[in-house]
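Peer 1: Got a predicted structure plus its sequence, pasted below:
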Number of protein chains: 2
Amino acid sequence: MNVDEEFSAIAKSLKASEIRELLKLTQQPDIISFAGGLPNPESFPVGKIKEILDDLLEREGPRVLQYGSTEGVNRFRDVLVKFMAERYGVHIGRDNILITAGSQQALYLLAKIFIDPGDFVVVEAPTYIGILTAFQSYRPRYVTVEMDDEGMNTHLLEETLRDMVKDGRKPKLIYTIPTFQNPAGVTMNLERRKHVLELAEEYDVLVLEDDPYGELRYSGEKLPLLKSLDKNGYVIYMGTFSKILSPGFRLAHMVADEEIIHKAVLAKQGIDLCTNTVGQFVASEYISRGYLDEHIPNIIRLYKRKRDLMLDMLDDHFPDGVKWTRPDGGMFLWVTLPPGVDAEKMFIRAVENKVAYVIGSAFFPDRDHKNTMRLNFTYPTDEQIKVGVERLAKVIKEEIS
Amino acid sequence: MNVDEEFSAIAKSLKASEIRELLKLTQQPDIISFAGGLPNPESFPVGKIKEILDDLLEREGPRVLQYGSTEGVNRFRDVLVKFMAERYGVHIGRDNILITAGSQQALYLLAKIFIDPGDFVVVEAPTYIGILTAFQSYRPRYVTVEMDDEGMNTHLLEETLRDMVKDGRKPKLIYTIPTFQNPAGVTMNLERRKHVLELAEEYDVLVLEDDPYGELRYSGEKLPLLKSLDKNGYVIYMGTFSKILSPGFRLAHMVADEEIIHKAVLAKQGIDLCTNTVGQFVASEYISRGYLDEHIPNIIRLYKRKRDLMLDMLDDHFPDGVKWTRPDGGMFLWVTLPPGVDAEKMFIRAVENKVAYVIGSAFFPDRDHKNTMRLNFTYPTDEQIKVGVERLAKVIKEEIS
């Protein structure tokens, strides 16, 4: 059968991402890759998970292994209600929470329930690649807002919103990772957080606050979630257990007003009926037994060391004219090469020199900013960080000269 | 914020299903429900799962808890390659397999990559509700083909295809559950299986073979999968571990030509990146250690007893003029009341009498056939089957008279 003729218009528009193709080049064992976005497996609380699973299967196996409701397992949602209140000062009820198969699914559900083709979505420049793949088939148009070391520039956001509303192009959503942004590694300061909320209210636009890394702070002071500043239901919050428990369970949670959760639940019914229940029960115990609180300092210790090491290595080896961010947490930092240096062209030479990164232009909807790259510091070993930065520095120096 | 104005056209079209609302009525503890579609928790191999998880976390915890690839964990796909060959005579490679979050997600992915609005999909009448929710937002038009005790009437299918092609309405897909159909409980005979394949080739139409219950045979002889008769890539097969391991892991597999798997992978990247890896490793071990083969007879013993008991009770208590199917396997049987009796209206009276079923019209795209209902026999206890059928028989007798 000639199946190509049968595909839908959406399927025809789905193309393999160049980035993924490039990343395949980095899978050879002798290449040191700063390209990945994986947590370090050393960060997984394997022993605690084993203990919890043993107990759960012993005491209530049949319940843990059964289908759950689309909204999520009630025990888990109740634990999260308490967690959001105690940890973040976000006071909600069970019906404000939907458990999703990772934050990727939360993004997809939000695209499905909010985006008609041509709708405008405001994103940071650079932004997370996952929102671009999640939103792709709903065909939004993107408007970007620049960032600096203090996160999204909200004065530019204000100008952007004013211009858009004036032109009749009111955006549907503003998408931000305020804390330890992926890919830039920067954090939005408190003043700007308040400003985002004011603008959301003034321009009547929903804000998606994606918070996958918020618990992974290695320096600086904790800042409030946008959701905790939100009095009138403008913020849709997304948290995940992929970085503080295990990505293998595919567990995230969306926190929003009931009407939004209700629509997202209806959409999810058609997509996968429910999120895997085993992981939900494990995560419930992981929090309620206090293991999350015990374990996060271990992850922070591991990642802080790697961040510091990478920053030291960059300070020592990268040539003048190259700049990078100094993240207070998270998994990534962002490198800006001198104008005119093309990180996309340089990638092949980097791989020849057995080191890899993600090309920065992949994080911009219009694929510009060719002189940028993202480096991950959580996955490589300390030795790989040392050797990899030296290799990368050599490639950059050759490219500049 | 007034969020209603912000929703997409798709979101506005998503409505809570009446069926789900009715099912909420059945959740009171004193109601005996034949409405559910859940496996019996007694069927879960809790001890084996515990043993496998202990071993996996002990020996390779970090790998089991990490992200997997969108296609699925290679170890699991390789186990399934062997499984499909040995068990079903279906000879494929790893790249013909995609692991999905339950069959529901496989259906959703297929809708996304094949269905443009207005496309025609041929379904059995009655058909599985899950395909209607999975396909809903891609807005196909349905054409139904009647069934009898031998499954889909393929002569009617042939007439339907001939008429459709003549009218320029060539269907995109034919969807069937050939074995122990949900909701009807009937099985397509061998001659018709071959006929479906001939028609698929003649009319150049893809066939979705959904096979969630195939391993649950209590009587009669094993029949070949449509996929095993398929020489030219016309069949997309869907299997699941929800009924033979545990639904809580949300694990299913789609088997199809590489081009189809490739497009489905691209679609899945945007939806949830990957299926939970923990479940995939558990299922791999469950099969490769031989536990699946050991355990299926236990499930069959349990469910066969329940099927036999329900059939005996129906024989003894249901009044003349009521007919039902006698399934050789699976989880459901299908009841046809005398013409003019409305199972939808009768539902409230049934609930008052503390017994519940699913209204048959829910399984027809056009909601006709009001005199039908689906009964599940796997979830209730033996005592509930006895008492529940007596209650239902009383309600039906009152309704008829």
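Peer 2: Arrived safely. Residues are numbered from 1 along each chain as shown, chains lettered A, B, ... in the order given.

Peer 1: and chain A, what are its domains?
Peer 2: Domain assignment for chain A by automatic domain parsing gives A:3-45+A:295-400, A:60-291.

Peer 1: and the stretch 201-350 of chain A, which residues reach chain B?
Peer 2: A:204, A:206, A:232-234, A:242, A:246-250, A:257, A:259-260, A:262-263, A:266-267, A:269-279 (C-beta under 8 Å from any C-beta of the partner chain). (C-beta placed from N, C-alpha, C; glycine too.)

Peer 1: And these, which of them are buried?
Peer 2: Neighbour counting by 16 or more other C-beta atoms under 10 Å in any protein chain shown classes A:204, A:206, A:233-234, A:242, A:246-250, A:257, A:260, A:262-263, A:266-267, A:269-279 among those as buried.

Peer 1: coming back round to it: mind listing which of the residues of the stretch 201-350 of chain A next to chain B are in strands?
Peer 2: If you go by DSSP state E, those have A:Leu206 in strands.

Peer 1: can you tell me which of the residues of the stretch 201-350 of chain A next to chain B are in helices?
Peer 2: Secondary structure from DSSP state H places A:259-260, A:262-263, A:266-267, A:269-271, A:277-279 of these in helices.

Peer 1: Output these in a markdown table; the columns should cover distance to B:Arg20.
Peer 2: Shown next, in a markdown table, are these (distance: C-beta to C-beta, whole Å):
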| residue | distance to B:Arg20 |
| --- | --- |
| A:Glu259 | 17 |
| A:Ile260 | 19 |
| A:His262 | 12 |
| A:Lys263 | 15 |
| A:Leu266 | 10 |
| A:Ala267 | 14 |
| A:Gln269 | 8 |
| A:Gly270 | 12 |
| A:Ile271 | 16 |
| A:Thr277 | 19 |
| A:Val278 | 24 |
| A:Gly279 | 24 |
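
Peer 1: possible to save those residues as TSV with distance to A:Asp382 and pLDDT?
Peer 2: Shown next, in TSV, are these (distance: C-beta to C-beta, whole Å; pLDDT from 0 to 100):
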residue	distance to A:Asp382	pLDDT
A:Glu259	48	97
A:Ile260	43	98
A:His262	48	97
A:Lys263	46	97
A:Leu266	48	96
A:Ala267	43	97
A:Gln269	46	95
A:Gly270	46	95
A:Ile271	41	97
A:Thr277	38	97
A:Val278	34	97
A:Gly279	30	98
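
Peer 1: Around A:Ala9, count how many other residues there are.
Peer 2: Look at A:Ala9: counted by other C-beta atoms under 10 Å in any protein chain shown, it has 10 neighbours.

Peer 1: A:Leu311 too?
Peer 2: Neighbours around A:Leu311, by other C-beta under 10 Å: 17.

Peer 1: Give me the spatial nearest neighbour of it, chain neighbours excluded.
Peer 2: A:Arg326 (6.1 Å; C-beta to C-beta, 6 or more residues apart in numbering or on different chains).

Peer 1: Which helix or strand contains the one you found?
Peer 2: Following DSSP states H and E, one finds A:Arg326 outside all helices and strands.

Peer 1: and if you look at A:Asn298?
Peer 2: Using DSSP H and E, the element containing A:Asn298 is helix A:291-317.

Peer 1: Check which residues of that helix are buried.
Peer 2: Of the residues in helix A:291-317, those with enough neighbours to count as buried (16+ other C-beta under 10 Å) are A:291-292, A:295-296, A:299-300, A:302-304, A:306-307, A:309-311, A:313-314, A:317.

Peer 1: Stretch A:132-142 now?
Peer 2: Quick answer for stretch A:132-142 (16+ other C-beta under 10 Å): A:132-138, A:140, A:142.

Peer 1: likewise stretch A:220-240?
Peer 2: Residues of stretch A:220-240 classed as buried: A:223, A:225-230, A:233-240 (neighbour count, 16+ other C-beta under 10 Å).

Peer 1: How about stretch A:168-187?
Peer 2: Result for stretch A:168-187 [16+ other C-beta under 10 Å]: buried residues A:171-187.

Peer 1: Against chain B, how distant is A:Ile49?
Peer 2: 6 Å (C-beta to the nearest C-beta, to the nearest Å).

Peer 1: The nearest residue to A:Pro62 once chain neighbours are set aside: neighbour count?
Peer 2: Excluding the flanking residues, the one nearest A:Pro62 by C-beta to C-beta, 6+ apart is B:Pro41, at 3.2 Å. Each residue near B:Pro41 was counted by other C-beta under 10 Å, and the total is 17.

Peer 1: A:Leu190 touches A:Leu223, doesn't it?
Peer 2: Yes - assessed by C-beta atoms under 8 Å, A:Leu190 is found in contact with A:Leu223 at 5.7 Å.

Peer 1: Can you tell me the centre-most residue of chain A?
Peer 2: The residue lying closest to the centre of chain A (C-alpha atoms, centre = their mean) is A:Pro212, at 5.2 Å.

Peer 1: contacting residues for the nearest residue to that one once chain neighbours are set aside?
Peer 2: The shortest distance from A:Pro212 to any non-neighbouring residue, by C-beta to C-beta, 6+ apart, is to A:Thr240 (4.9 Å). Contacts here follow C-beta atoms under 8 Å, 6 or more residues apart in numbering or on different chains; on that basis A:Thr240 touches A:102-103, A:211-212, A:251-253.

Peer 1: Kindly report the same for A:Arg20.
Peer 2: Neighbours of A:Arg20 in contact, by C-beta under 8 Å, 6+ apart: none.

Peer 1: And it, how far from A:Gly214?
Peer 2: From A:Arg20 across to A:Gly214, the span is 27 Å (C-beta to C-beta, to the nearest Å).

Peer 1: Report the buried residues of stretch A:190-202.
Peer 2: A:192-193, A:195-197, A:199-200.

Peer 1: ok, longest strand in chain A?
Peer 2: strand A:141-148.
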